[in-house]
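J.: would you be able to build a 3D model of this:
(one chain, ligands or ions: 1)
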Amino acid sequence: MEGPWSDLIAKLFFGSLIVVAVAELLWPLRRPGHRFGPRWFANIALGTVNLLLARWLVPVSGALLASGAGLGLLNQLSPPPLLAIGIGVVVLDSVAYWTHRAMHAVPVLWRIHRVHHTDLDVDFTTGVRHHPIEVLITLAISVATIFVFGLPPQAVAVYQAGRAVIDITSHGNVRLPSMLDTVLRLVVVTPDMHRIHHSADRPETDSNYGTLLSVWDRLFCSYRRAPKLGQTGMVLGLREWRDETAMSISGLILMPFRSPAASVDPE
Ligand SMILES: [Zn+2]
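T.: Sure, this is the predicted structure:
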């Protein structure tokens, strides 16, 4: 993604980080149960590694895609540009949904993805807490999807712009009026919807996989409207990973290759 689009996506991403951070100060939903400092340091350090990785890989992906220019389904069908953008967003988001679902269902992928789920609080920094291997896997799947479907660059840019906002806002520890949450949730993933996915209760962890659009969970029967213990009562993180000292930046990088030190029931 070149030029004005990459500038816009970067502005939306960093703008969302600032807006959600301020909103968490003004209208926090949950009282954080763990120290900010070490969590934020580890999450932001991991996010920085991922940003650098993406910066290096995006030109490689662009070159790969350019080699396939003119190929793919949409290039054969040639729909009107706006329809092609709509199809692109829907295709990319449905693939993101199924990729996320596979990350929970396949043990070796779960080892990598659980780094995101071991955050003991969920806030504006959690959205960038992903293991670099997960970033590589999702990027490779996205490139393959763009290639096979022949998605136009504008569709990819619109989708990335949406993700830049929702990836951050959906992790916000922000109290939204329930009416606003209900209306927004008809279309996109809201903080109250996604927070359930960070519940330590495994059936709740294995629900609400959507990343941008909320429709996929409803369509594929993984939707949960509310957590059993309520938004402020539920325990966040994973039951088997409660040791904060194991969650330094090096601890998170090595986490896929380790087993939990001890199983601790948070309730
Ligand atoms: Zn997940």
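J.: other SSEs contacting the helix or strand hosting residue 147?
T.: Secondary structure from DSSP states H and E places residue 147 in helix 132-149. Packing partners of helix 132-149 (3 or more C-beta pairs under 8 Å, 6 or more residues apart in numbering; DSSP states H and E): helix 36-67, helix 73-77, helix 81-105, helix 107-117. No exception for glycine: its C-beta is placed from N, CA and C like everyone else's.
J.: quick one: it to helix 36-67, angle?
T.: 30 degrees (axes from the mean of the first three to the mean of the last three C-alpha atoms, to 10 degrees).
J.: which parts of whichever helix or strand comes after helix 132-149 are buried?
T.: Next helix or strand after helix 132-149 toward the C-terminus (DSSP H and E): helix 153-169. Neighbour-count burial for helix 153-169, counted by 16 or more other C-beta atoms under 10 Å, picks out 153, 155-169.
J.: repeat for stretch 27-34
T.: Those would be 29, 30, for stretch 27-34 by 16+ other C-beta under 10 Å.
J.: ditto for stretch 167-182
T.: Residues of stretch 167-182 classed as buried by neighbour count (16+ other C-beta under 10 Å): 167, 168, 169, 170, 171, 172, 173, 174, 175, 176.
J.: and the buried residues of helix 153-169, which is closest to residue 40?
T.: residue 168 (14.0 Å; C-beta to C-beta).
J.: quick check, pLDDT for the closest residue to that closest one other than its chain neighbours.
T.: Spatial nearest neighbour of residue 168, chain neighbours left out: residue 16 (4.0 Å); criterion: C-beta to C-beta, 6 or more residues apart in numbering. Here, the pLDDT recorded for residue 16 equals 95.
J.: give me the angle between the helix or strand encompassing residue 16 and helix 36-67.
T.: Using DSSP H and E, residue 16 maps to helix 3-26. Inter-element angle recorded for helix 3-26 and helix 36-67: 160 degrees (by the same axes, to 10 degrees).
J.: just the residues contacting helix 3-26, thanks.
T.: 1, 123-124, 153, 157, 160-161, 164-165, 168-169, 171-174 (C-beta atoms under 8 Å, 6 or more residues apart in numbering).
J.: any buried residues in that helix, and which?
T.: 5, 9, 12, 13, 16, 17, 19, 20, 23, 24.
J.: burial measure for residue 223, as a count.
T.: 18 (other C-beta atoms under 10 Å).
J.: over to the spatially closest residue to residue 197 that is not a sequence neighbour: give its phi and psi.
T.: Leaving aside its chain neighbours, residue 197 sits nearest to residue 208 (4.4 Å; criterion: C-beta to C-beta, 6+ apart). Per-residue torsions, residue 208: phi 50, psi 60 (degrees, to the nearest 10).
J.: isn't residue 208 up against residue 221?
T.: No - judged on C-beta atoms under 8 Å, residue 208 makes no contact with residue 221 at a distance of 11.6 Å.
J.: and those two? Which one has more around it.
T.: residue 208 (26 against 7).
J.: that one and residue 126, how far apart?
T.: 14 Å (C-beta to C-beta, to the nearest Å).
J.: check residue 11 too.
T.: As judged by C-beta to C-beta, residue 11 and residue 126 stand 21 Å apart.
J.: also residue 134?
T.: Per C-beta to C-beta, residue 134 is found 14 Å from residue 126.
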